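Peer 1: can't give you the sequence, but here's the structure:
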């Protein structure tokens, strides 16, 4: 319904002091009182008060509602209203916006949760959005997050608060940071026209069809720490701006879900629903939702996930994830599971045809935590794979050790080996084949030297090889969000203010070196010898005896290297759209031209082609006649570069480029036809 002025919804204004929330309590600064917070003494009274200042616009009676399951399409256009600020260039505006985003994401917005209660929500989808925006308008991001669905709110709550603490400790944010009253940035939402559609029970699409949004930023009031204030320019630190935009619809809906009779906004359902609508898919079949599996212990949950990963069982991999945290993934999995499973099975069949066999030979796990949450560390893992051709891959790794051994063969069937061994922060890579051997060592302290000596610090590498797990209904599941946020927190906790300062100074030096045309990473880019040595030729050196079919290359062309191709492998690679003719013999040659390297492929066919090239090659860009009166076409090669193809009777020539210009490519082609 609307009020008598049809003004739409707006948060309480300055002219209504009685509706303003009180200031944060000094004794509880992160959870200030809020008139719409479920922590208020009387939820019903709070919502009645909210309704007194909220005027929602329901869909017009004559407007047909969207049937359940039908995709919804709208348009969003946001533009400035009134004169733009003349005193501050656009770069300051973008910089301030980016800084605000960092503040909110790193320690404010997503950390802005109340005391982790599973309550909250609203009586309707519109009200959930209205009350969230009202809290944001008051700068109270803690209360705003009461209207985010609990399964998402809970996974981000403690991690966000911990991240805020770490950023304060590192002097990135000021120690008076108040997530219940974030200063320096303000939003005002005026006369928003909000409506919803219900594609299915418990799921709502929210549309903001009109109104204005005013955003203000005052950098001098932002809770910035000395790491930023000591480096930022005076122009930036004194920057302030105010912009107003008009809302005219959206390309996709916001999404609300119903839980236990209350409505909440959802980030993951927003992603899933908009992806579904973009793909023009129907609603997922709840009956085909993957079953949650889990395990009896934290270690068994990780072990079970790794086992399903080696089998590429997508459905069971999902079943090992936290069904509360990954609720949207479980619900929408039926939309992609069949295709994902088919692709996985095709890959497994292909590997089976080549005789590949692989296994996790050892997986050493330990866990630490409490009865509901734990962190499982991968102390060691070994993996091996072999196939019928004698190719071997062995991998072992732990927190401070990595060993990889690869025994394989190249395109020509010649064997080579690669061995990688780490010892602490250093890697040694050894390569060997029939023509060369090389060994290269790289240490992290050399590579990262420009970023300061404190980058690695005392970082516990076991944190990077650990997964977070949660217990749900007596079973343990992997927490994808918790795994990422715990790693992020481990990185923050490893830093101190001095190390962070050195890193920032190092990055500034690297960027300055870019401006000077160089790159300040001596440990990585100034090593004396390449990993794989091939001599001076750009590719594989030609065997002493030369390919048997090298006589197919004529016209005084001297290849840098060449090899026989009687099977038409190069033809299939360069021209996959051409139905392969029968080939008597062929040769591939790499040719140096004035402008760069070119690939020259010459075939002797068993019979002339049945049709002209431009009829056989779909997507031919241009056809013409060369200086030697040979018909040719240009097509796109697999890399998107121009490819030149010509035929004369049973002689088929392909010229590709590894840097050669078109003029040099045509000269090379002409030479092949006299």
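Peer 2: Nice, I can see it. Predicted model, so just to flag it, every value in this text is computed and none were measured.

Peer 1: show me where the stretch 201-350 of the chain has helices.
Peer 2: 226-229, 234-237, 267-278, 298-311, 314-319, 327-332, 337-353 (DSSP state H, counting those that start in this stretch).

Peer 1: next, the angle from the last one to helix 298-311.
Peer 2: If I follow you right, that is helix 337-353. Using axes from the mean of the first three to the mean of the last three C-alpha atoms, to 10 degrees, the direction of helix 337-353 lies 70 degrees away from that of helix 298-311.

Peer 1: just the element for the residue nearest the centre of the chain, please.
Peer 2: Centroid-nearest residue in the chain: residue 484, 12.9 Å away (criterion: C-alpha atoms, centre = their mean). Using DSSP states H and E, residue 484 sits within helix 480-494.

Peer 1: against which helices or strands is that helix packed?
Peer 2: In terms of contacts (3 or more C-beta pairs under 8 Å, 6 or more residues apart in numbering; DSSP states H and E), helix 480-494 is packed against helix 150-169, strand 466-472. (Glycine included, C-beta is placed from N, CA and C.)

Peer 1: least reliable of those going by mean pLDDT?
Peer 2: Sorting those by mean pLDDT places helix 150-169 lowest, at a mean of 85.

Peer 1: list the buried residues in it.
Peer 2: Judged by neighbour count (16 or more other C-beta atoms under 10 Å), helix 150-169 contains these buried residues: 150-169.

Peer 1: in the stretch 151-300 of the chain, which spans are strands?
Peer 2: Assignment of strands within the stretch 151-300 of the chain using DSSP state E, counting those that start in this stretch yields the ranges 185-200, 203-218, 240-246, 254-259, 262-265.

Peer 1: the stretch 551-674 of the chain now?
Peer 2: 561-564, 583-592, 597-605, 622-625, 631-636, 642-648, 651-658.

Peer 1: looking at the ones you listed, which has the lowest confidence?
Peer 2: strand 622-625 (a mean of 56).

Peer 1: and the closest residue to residue 324 other than its chain neighbours, how far from residue 224?
Peer 2: Once flanking residues are discounted, residue 324 sits nearest to residue 151: 4.8 Å by C-beta to C-beta, 6 or more residues apart in numbering. Residue 151 sits 33 Å away from residue 224, going by C-beta to C-beta, to the nearest Å.

Peer 1: check residue 467 too.
Peer 2: 34 Å.

Peer 1: got it, and residue 430?
Peer 2: Per C-beta to C-beta, residue 430 is found 49 Å from residue 224.

Peer 1: more neighbours, these two?
Peer 2: Set residue 430 next to residue 224 and count neighbours by other C-beta atoms under 10 Å: residue 224 wins out with 21 against 16.

Peer 1: my guess is that one contacts residue 176, does it?
Peer 2: No. Counting by C-beta atoms under 8 Å, residue 224 does not reach residue 176; the two are 10.9 Å apart.

Peer 1: ok, and the closest non-adjacent residue to residue 367?
Peer 2: residue 298 (4.1 Å).

Peer 1: what is the burial count for residue 617?
Peer 2: Using other C-beta under 10 Å: residue 617 sits among 19 other residues.

Peer 1: shift numbering so it begins at 26
Peer 2: Done: numbering now begins at 26, and the last item shifts to residue 642.

Peer 1: what about the stretch 126-275 of the chain, any weak spots by pLDDT?
Peer 2: Low-confidence segments of the stretch 126-275 of the chain, defined by pLDDT under 70: 126-144.

Peer 1: let's see 80
Peer 2: Residue ranges of the stretch 126-275 of the chain with pLDDT under 80: 126-144, 181-183, 204-205, 273-275.

Peer 1: same question for the stretch 276-425 of the chain.
Peer 2: 276, 424-425.

Peer 1: residue 270 and residue 256: what is the separation?
Peer 2: On the measure of C-beta to C-beta, residue 270 and residue 256 end up 31 Å apart.

Peer 1: ditto for residue 271
Peer 2: Residue 271 is 36 Å from residue 256, by C-beta to C-beta.

Peer 1: what's the distance between residue 642 and residue 628?
Peer 2: Distance from residue 642 to residue 628, by C-beta to C-beta: 15 Å.

Peer 1: again, but for residue 390
Peer 2: 56 Å.

Peer 1: more neighbours: the two, which one.
Peer 2: Neighbours of residue 390 and residue 628, each counted by other C-beta under 10 Å, are more numerous for residue 628; the result is 26 against 20.

Peer 1: quick one, what contacts that one?
Peer 2: Contacts for residue 628 (C-beta atoms under 8 Å, 6 or more residues apart in numbering) come out as 577, 590, 593, 596, 608, 610-611, 676-678.

Peer 1: which stretches of the stretch 476-625 of the chain form helices?
Peer 2: So, for the stretch 476-625 of the chain - with DSSP H, counting those that start in this stretch - the helices run 505-519, 522-540, 547-550, 594-599.

Peer 1: hey, least reliable of the ones you listed by pLDDT?
Peer 2: For these, mean pLDDT drops lowest on helix 547-550, to a mean of 36.

Peer 1: what sits against the nearest residue to residue 432 once chain neighbours are set aside?
Peer 2: Nearest non-adjacent residue to residue 432, counting by C-beta to C-beta, 6+ apart: residue 417, 4.3 Å away. Neighbouring residues of residue 417 by C-beta under 8 Å, 6+ apart: 409-411, 430-433.

Peer 1: quick one: contacts for residue 396?
Peer 2: Residue 396 neighbours (C-beta under 8 Å, 6+ apart): residue 496.

Peer 1: are we agreed that it is in a strand?
Peer 2: No. Per DSSP: H, G, I helix; E, B strand; the rest coil, residue 396 lies outside any strand segment and is coil.

Peer 1: how close does it get to residue 351?
Peer 2: 21 Å.

Peer 1: for the residue nearest to residue 342 when sequence neighbours are not counted, the count of nearby residues, please.
Peer 2: Of all residues not flanking residue 342 in the chain, residue 333 sits nearest, at 4.6 Å (C-beta to C-beta, 6+ apart). Neighbours of residue 333 under the rule other C-beta under 10 Å: 17.

Peer 1: now residue 425
Peer 2: Counted with other C-beta under 10 Å, residue 425 comes out at 11.

Peer 1: for the one 3 residues further on, same thing?
Peer 2: In terms of burial, residue 428 registers 14 neighbours under the definition other C-beta under 10 Å.

Peer 1: just give the nearest non-adjacent residue to it, would you?
Peer 2: residue 421 is the one closest to residue 428 (C-beta to C-beta, 6+ apart), at 4.5 Å.

Peer 1: ok, now which ones touch the one you found?
Peer 2: 405-408, 427-429.

Peer 1: okay if I get these as TSV plus distance to residue 231?
Peer 2: Output for these, formatted as TSV (distance: C-beta to C-beta, whole Å):
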residue	distance to residue 231
405	49
406	45
407	50
408	47
427	49
428	53
429	50
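
Peer 1: list just the nearest of those to residue 504.
Peer 2: residue 406 (20.0 Å; C-beta to C-beta).

Peer 1: separation between the closest one and residue 445?
Peer 2: Using C-beta to C-beta, residue 406 is found at 15 Å from residue 445.

Peer 1: then residue 424?
Peer 2: 16 Å.

Peer 1: same check on residue 667?
Peer 2: 38 Å.

Peer 1: got the contacts of residue 417 as a markdown table, with secondary structure and distance to residue 212 columns?
Peer 2: Formatted as a markdown table, the contacts of residue 417 follow (DSSP: H, G, I helix; E, B strand; the rest coil; distance: C-beta to C-beta, whole Å):
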| residue | secondary structure | distance to residue 212 |
| --- | --- | --- |
| 409 | strand | 56 |
| 410 | strand | 54 |
| 411 | strand | 60 |
| 430 | strand | 57 |
| 431 | strand | 55 |
| 432 | strand | 60 |
| 433 | strand | 58 |
